[in-house]
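J.: Here's my sequence, what's the structure:
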Amino acid sequence: MTEREGLRLDTVNDDLKLYQFRDGLTFGTDALLLSAYVKADPSARAVEFGGGTGIVSFLLAVRNKVGTVLSVEAQPEYAALIERNIALNGLSDRVRAICGDLREKGAVPGENYDLVVTNPPYLQVDRGFPNRSDKKNEARREFRGGISDFCRAAGEKLRTGGRFVCVYLPDRLPDLFSAMREAKIEVKRMTAVSADPGAKPSLVLVEGRRGGAPGMKLTRPLFLYANEKHDAPSCDMQFILDTGNFPIGFGDGTDPKEKGKTR
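T.: So this is what the prediction gives:
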């Protein structure tokens, strides 16, 4: 049945089962790091913008980083896939999926959320070479809204003091920071991610706070691999793989010396 539907079934982190489109974007490092970057608050009401397969929402739920998650996805086929994966993993009491376009008023029900988390499309519509797969092309490019739309929606849905956590590209940081401030979300913490100590950053993880005071903590960089051979994960990355959290020193509040500095 899954072959005819163009799906594959994988077992990923935390023994989660995941249906994924063969011609679509699949679970990768950016989603894993995004879920690990979220500070745990087991009572938090969270919403994910751009749910994809639902994996980020699932990781937040099974790791008790939040209480409940609403996963919002604009592509109907992916919204249906999230619902299917929710049932597959028995998470209907923790995760809910809806199909909605963030640019439309009322697309996201509720308000005063404690957390908005997102792995938004990285590329502008007219930049770079398009993917052969329509699903990948739409997921990677801003066909259904850009970073300003994601931040605006986050600003509208977060309570004062609520957190916004996203993964993005380094070269688009000016767009992200501008959109966050416009939405009254102040950048509080950022981590650059590189493949190895000799490589340039390829991703950034950013945390903001709705209504927060100016002041950002730039953490030490995260290297995915210990060396340029990429034959073993770095110590920090191994910690993330083992625990689903960032190690002490990345401003997540686990280090007593950092207490209060990222608020």
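
J.: quick one: the residue nearest to Leu173 when sequence neighbours are not counted from Met190, how far?
T.: Ranked by C-beta to C-beta, 6 or more residues apart in numbering and with sequence neighbours excluded, the top spatial neighbour of Leu173 is Val204, at 6.4 Å. Any C-beta I mention is one placed from the backbone N, CA and C, and that applies to glycine too. Distance, Val204 to Met190, using C-beta to C-beta, to the nearest Å: 6 Å.

J.: ditto for Val167
T.: According to C-beta to C-beta, Val167 and Met190 sit 11 Å apart.

J.: what's the answer for Val38, then?
T.: 14 Å.

J.: Compare the two (neighbour count), which wins?
T.: When Val38 and Met190 are compared for neighbours, Val38 comes out ahead with 25 against 19, by other C-beta atoms under 10 Å.

J.: wait, doesn't that one sit right on Val117?
T.: Yes - at 6.1 Å, Val38 counts as touching Val117 under the criterion of C-beta atoms under 8 Å.

J.: Spit out the residues that contact these two alike.
T.: Between them, Val38 and Val117 share the neighbouring residues Leu60, Val165, with contact defined by C-beta atoms under 8 Å, 6 or more residues apart in numbering.

J.: related to what we said a few turns ago, strands paired with the helix or strand containing the residue nearest to Leu173, and their directions?
T.: Taking DSSP states H and E as the definition, Val204 sits inside strand 201-210. Within its sheet, strand 201-210 is paired with strand 158-168 (antiparallel), strand 185-194 (antiparallel), according to DSSP bridges.

J.: quick one: contacts of the very next helix or strand once past the longest one?
T.: This points to strand 158-168. Remark: after strand 158-168, the chain's next helix or strand is helix 173-182, criterion DSSP H and E. Identification of contacts with helix 173-182 by C-beta under 8 Å, 6+ apart yields 146-148, 150-152, 155, 164, 166, 168, 186-187, 204, 206, 208.

J.: for helix 173-182, which positions count as buried?
T.: Across helix 173-182, burial judged by 16 or more other C-beta atoms under 10 Å covers Leu173, Asp175, Leu176, Phe177, Ala179, Met180.

J.: And the residue nearest to the fifth one when sequence neighbours are not counted, its phi and psi?
T.: Just to be clear, that refers to Ala179. Sequence neighbours aside, Cys151 is the residue nearest to Ala179 in space, at 3.9 Å (criterion: C-beta to C-beta, 6+ apart). Cys151 has phi and psi values of phi -70, psi -40 when expressed as degrees, to the nearest 10.

J.: how close does Cys151 get to Cys166?
T.: According to C-beta to C-beta, Cys151 stands 9 Å off from Cys166.

J.: higher neighbour count, the two?
T.: Set side by side, Cys151 and Cys166 give different neighbour counts by other C-beta under 10 Å, the larger being at Cys151 (29 against 24).

J.: Tell me who's in contact with the more buried one.
T.: Contacts of Cys151 by C-beta under 8 Å, 6+ apart are Phe164, Leu176, Ala179, Met180, Glu182, Ala183, Ile185.

J.: Could I get these in a markdown table, plus columns for distance to Ile86?
T.: Conversion of those to a markdown table gives the following (distance: C-beta to C-beta, whole Å):
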| residue | distance to Ile86 |
| --- | --- |
| Phe164 | 24 |
| Leu176 | 29 |
| Ala179 | 30 |
| Met180 | 29 |
| Glu182 | 33 |
| Ala183 | 29 |
| Ile185 | 28 |
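
J.: between those residues, which is nearest Ile240?
T.: The shortest gap between Ile240 and any of the contacts of Cys151 belongs to Phe164, at 20.6 Å (C-beta to C-beta).

J.: That closest one - nearest residue in space that isn't next to it in sequence?
T.: What sits nearest to Phe164 in space, not counting adjacent residues and going by C-beta to C-beta, 6+ apart, is Gly208, at 4.3 Å.
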